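**Q** no sequence on hand, only this structure:
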């Protein structure tokens, strides 16, 4: 519990703000152009639908990998953890 998810959200938010031409709260930054933003941080399951947390994670990763390009930013936290 060291704040990895919060740091990942902050980095992704700064990249999105920079690509939109908005103010980025830092003293100096070089932000490349990203055409897609993907973030996976939570772990959940839907027992009523028979979906495990691992199955949901893999489905999310499948969508990310299917839709990403070379200029996309993908951030994954704790994939496959129990």
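**A** Noted; the coordinates are in hand. As the structure is a prediction and not an experimental result, all values here were calculated from the model.

**Q** helix, strand or coil: sort out the residue positioned nearest the centre of the chain for me.
**A** In the chain, the C-alpha nearest the mean C-alpha coordinate belongs to residue 39, at 1.2 Å (C-alpha atoms, centre = their mean). Residue 39 carries the three-state label strand when classified by DSSP: H, G, I helix; E, B strand; the rest coil.

**Q** beta-bridge partners for it, please?
**A** Residues found in beta-bridge contact with residue 39 (criterion: DSSP bridges) are residue 75.

**Q** who are the contact partners of it?
**A** Contacts here follow C-beta atoms under 8 Å, 6 or more residues apart in numbering; on that basis residue 39 touches 8, 9, 12, 74, 75. (Each C-beta comes from the backbone N, C-alpha and C, glycine too.)

**Q** tabulate those (JSON lines), appending distance to residue 27 and pLDDT.
**A** Putting the contacts of residue 39 into JSON lines (distance: C-beta to C-beta, whole Å; pLDDT from 0 to 100) gives the following:
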{"residue": "8", "distance to residue 27": "21", "pLDDT": "90"}
{"residue": "9", "distance to residue 27": "20", "pLDDT": "90"}
{"residue": "12", "distance to residue 27": "19", "pLDDT": "92"}
{"residue": "74", "distance to residue 27": "27", "pLDDT": "92"}
{"residue": "75", "distance to residue 27": "23", "pLDDT": "91"}
